[in-house]
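Trainee: Predicted model, plus sequence, below.
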Amino acid sequence: MLSPLMAITVQDIGITVSLVFILLGLAWLAWRSFSGKEVDRRIIFLFIFFSVAMPVIFKISFKFKATPIVNALYEKIESLPNNSTVLISYDFDPAMAPEVQPMADALSRHCLSRDIKIVYMCLFPTGQGQLEQTFSTVVRNEFPEKQDGIDFVNLGYKAGGEGVLNVIVTDFEKMFPTDVNSVPYSEIPIFDNIKSCKNLDLIISIGGGRPGIKEWVLFVGDPGNIPMAAGVAAVVAPQLYPYYPNQILGLLGGVKGAAEYENRLRDSDPKFADMPTPATTMMGPQTLAHIVVMSFIIIGNILFFRNRKRGEIS
Amino acid sequence: MKRLVPLIITFVVGTVLILSVFIPPMEGLGENFTLFFDIIAVFAFFLGGGNLVRVHFQKMSRKSDDWEFSIVTLVGFFVMLAAGLFKIGNPGDIASSVTADGSLFQAIYRSVFVPLSSTMYALLAFFVASASYRAFRAKNREATLLLVAAFIILLGSTPFGTMLTSWVPESWSIFQIPNLAVWLMSSPNLAGQRAIIIGIGLGVVSISLRLILGLERTYLGDDNA
């Protein structure tokens, strides 16, 4: 039988050390601020550095239950019959990738594991590079039996933003006469019964910039009456709530949304037990960084009210 | 003539694109006009690339401030251009994807461009932290409302939000911080965002009509028109 001491994990030690370190640091910062001494900006930066670095070093992560808005997308994919076709559009660049690439990977993994066909494309030029990352880490690595052109296809990037969407809502071939490997549209088996976006079972736009999910809803989802969902950076998520649940049936917002989806996927099926969960890993640094930022807000405001009471500021 | 031609093009294209939404036989014409737009958009890449090279060559030849950075820009531009155009190291033939795994283009993209872009974006966290300590103050009623809302959203997105209010009975679950965060996003935020979207929509309709009818001519580069 394990002694209680043996049951303590590295993660427990990590959480304790991180919290003690950060709390002591914040107490010192509060004391210094209330003594009227200047706090150098670099000290603030150090706090953020440690609050992000420590969870990475000690591998601290947190589990999240999927919220209804995330769960709705999961359930939609679960409800699709085999051989349905889903379009995933990579509308983002590397700056947004840490937040949204885990969503794109998890969604690809979910669809392919359920034998749902995927049409990949992007409205951002840099999306094609990000798409290749999903191909090398998920599609080719975890599903080597899936065939290009039959189970998935990569249409790549096309310039024009809204213009591209305005055409593919009625005709794919006009805008994408070939896939990214120059295979003609008519020779790609996945498109045998697909002429336009209207023949798709679901469209998911991953991104947060422009063109992005709003343009997809305006030019494709609403006019074509096609089910749509989105995965976006956290700063963009609040702007998309007006579209839920009528225009977009589900929404993954930021790292938290991606982590919720990863957890939902992992809990649903034992075959996903060992899948990579980058978003869940990132929740550790994000959580501690949020706590530090909130502490700064509290200390800053106590200082502000104290100084105002003393008449030092008007 | 110089101004009349663009005005006529704008009027015809705008009218056709609007009518193609409401009159099904005109749908094909609308699509073709959109394709013309995409072809023109591709030419913008040539113009953009040409302009970038011209500006940075000028900067280097005149030895303007920070002209050394122009060398980095131009070297980066030409290396990526060559890697993409000639598909250097690409495992497939010339027809294969430019971003195929193993190509020089994808290798540079993954090992240089991705880390640099992510780093630049991540630096925001440091400035947000600094601003939260120095500037995020409850100076008046509006600022206090914003501060409280931000605080709830921040707390709601961490496990501590759940831990702090897990004692609140189920009948009062709206006061549990994660639920409060969801309510803030799906009620007050939703109302505000809808108002903004409707306002923008009306603005877009109005400015589009002005453009199509030739009342708005600033895009021609004539502010007094």
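Mentor: All right, it came through fine. No experiment lies behind these values; they were computed from the predicted model shown.
Trainee: end-to-end on stretch B:149-169?
Mentor: End-to-end span of stretch B:149-169 (CA to CA, to the nearest Å): 22 Å.
Trainee: Check which residues of it are buried.
Mentor: Using 16 or more other CB atoms under 10 Å in any protein chain shown as the test for burial, stretch B:149-169 gives B:149-158, B:160-162, B:165. C-beta: built from backbone N, CA, C; applies to glycine.
Trainee: what's the distance between it and the middle of its chain?
Mentor: Taking CA atoms, centre = their mean, to the nearest Å, the mean C-alpha location of stretch B:149-169 is offset from the chain mean by 31 Å.
Trainee: what about it, near chain A?
Mentor: Yes. Judged by CB under 8 Å from any CB of the partner chain, stretch B:149-169 and chain A are in contact via B:150, B:151, B:154, B:155, B:157, B:158, B:159, B:160.
Trainee: In helices only, show me those residues.
Mentor: B:150, B:151, B:154, B:155, B:159, B:160 (DSSP state H).
Trainee: what ranges of chain B fall below the confidence cut-off?
Mentor: Scanning chain B for pLDDT under 70 picks out B:222-225.
Trainee: same thing with chain A?
Mentor: Along chain A, the parts satisfying pLDDT under 70 run over A:1-7, A:313-314.
Trainee: could you pull out the helices for it?
Mentor: Using DSSP H, helices in chain A cover A:10-34, A:41-57, A:68-79, A:97-113, A:127-134, A:140-142, A:162-168, A:172-175, A:213-216, A:222-224, A:237-240, A:254-268, A:278-309.
Trainee: Quick check: longest helix in chain B by residues?
Mentor: Under DSSP H, chain B gives helix B:27-61 as its longest helix.
Trainee: what about that one and chain A, touching?
Mentor: Yes. On the criterion CB under 8 Å from any CB, helix B:27-61 is in touch with chain A at B:27, B:30, B:31, B:34, B:35, B:37, B:38, B:41, B:42, B:44, B:45.
Trainee: wait, the last one sits on residue A:159?
Mentor: Yes. Taking contacts as CB atoms under 8 Å, residue B:45 lies within contact range of residue A:159: 7.0 Å.
Trainee: Identify the residue nearest the geometric centre of chain A.
Mentor: In chain A, the residue lying closest to the centroid (CA atoms, centre = their mean) is residue A:100, at 3.0 Å.
Trainee: From residue A:170, how far out is that residue?
Mentor: 28 Å (CB to CB, to the nearest Å).
Trainee: What of residue B:66?
Mentor: Residue B:66 sits 49 Å away from residue A:170, going by CB to CB.
Trainee: Neighbour count for those two, which is higher?
Mentor: Neighbours per residue (other CB atoms under 10 Å in any protein chain shown) separate residue B:66 from residue A:170, with residue A:170 holding more: 19 against 7.
Trainee: tell me which strands and helices the longest helix of chain B is in contact with?
Mentor: If contacts are counted by 3 or more CB pairs under 8 Å, 6 or more residues apart in numbering or on different chains; DSSP states H and E, helix B:27-61 sits against helix A:162-168, helix A:172-175, helix B:4-22, helix B:67-85.
Trainee: Kindly reformat the ones you listed as a markdown table containing distance to residue B:215 and mean neighbour count.
Mentor: What follows is the helices and strands packed on helix B:27-61, written out as a markdown table (distance: least, CB to CB, whole Å; neighbours: other CB atoms under 10 Å in any protein chain shown):
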| stretch | distance to residue B:215 | mean neighbour count |
| --- | --- | --- |
| helix A:162-168 | 23 | 25 |
| helix A:172-175 | 33 | 20 |
| helix B:4-22 | 10 | 14 |
| helix B:67-85 | 40 | 14 |
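Trainee: if you skip the residues just before and after it, what's nearest to residue A:221?
Mentor: Distances taken as CB to CB, 6 or more residues apart in numbering or on different chains put residue A:228 closest to residue A:221, at 3.9 Å, once the chain neighbours are dropped.
Trainee: What about that neighbour, how many residues nearby?
Mentor: So residue A:228, with other CB under 10 Å, has 23 neighbours.
Trainee: Check residue A:245 too.
Mentor: Residues near residue A:245, counting by other CB under 10 Å, number 12.
Trainee: circling back to that earlier point, widest-spaced pair of the residues of stretch B:149-169 next to chain A?
Mentor: Farthest pair in the residues of stretch B:149-169 next to chain A (CB to CB) is B:150 and B:159. Separation: 18.4 Å.
Trainee: and the residue positioned nearest the centre of chain B, what is it in contact with?
Mentor: For chain B, residue B:121 is the residue whose C-alpha lies nearest the centre (CA atoms, centre = their mean; 14.0 Å). When contacts are counted by CB atoms under 8 Å, 6 or more residues apart in numbering or on different chains, residue B:121 touches A:95, A:96, A:98.
Trainee: quick one: contacts of stretch B:176-184?
Mentor: Against stretch B:176-184 from outside (CB under 8 Å, 6+ apart): A:67, B:149, B:152-153, B:155-157, B:161-162, B:164-166, B:168, B:173-174.
Trainee: what does stretch A:95-103 give?
Mentor: A:92, A:130, A:133-134, A:206-209, A:231-234, A:252, A:254-255, A:257-259, A:261-262, A:277-279, A:282, B:114, B:117-118, B:120-122.
Trainee: Going by distance to residue A:107, which of the buried residues of stretch B:149-169 wins?
Mentor: Nearest member of those to residue A:107, counting by CB to CB, is residue B:157, at 20.9 Å.
Trainee: doesn't residue A:291 make contact with that closest one?
Mentor: No. Counting by CB under 8 Å, residue B:157 stays clear of residue A:291, with 11.0 Å between them.
Trainee: From what I see, residue A:125 and residue A:157 are in contact.
Mentor: Yes. Here residue A:125 reaches residue A:157: they are 5.3 Å apart, a contact under CB under 8 Å.
Trainee: which element is residue B:65 on?
Mentor: Residue B:65 belongs to no helix or strand when assigned by DSSP states H and E.
Trainee: And it, its phi and psi?
Mentor: Phi and psi for residue B:65, reported as degrees, to the nearest 10, are phi -60, psi 140.
Trainee: need the contact list for it.
Mentor: Applying CB under 8 Å, 6+ apart, no residues contact residue B:65.
Trainee: And the longest helix of chain B, what's buried?
Mentor: Residues of helix B:27-61 classed as buried by neighbour count (16+ other CB under 10 Å): B:30, B:31, B:33, B:34, B:35, B:37, B:38, B:53, B:56, B:59, B:60.
Trainee: Let me see the domain layout of chain A.
Mentor: Taking automatic domain parsing as the reference, chain A has its domains at A:10-61+A:279-309, A:68-276.
Trainee: Dump those domains to JSON lines, plus distance to residue B:201.
Mentor: Formatted as JSON lines, the domains of chain A follow (distance: least, CB to CB, whole Å):
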{"stretch": "domain A:10-61+A:279-309", "distance to residue B:201": "34"}
{"stretch": "domain A:68-276", "distance to residue B:201": "10"}
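Trainee: Can you tell me which of the ones you listed is packed in deepest?
Mentor: domain A:68-276 (a mean of 20; mean count of other CB atoms under 10 Å in any protein chain shown).
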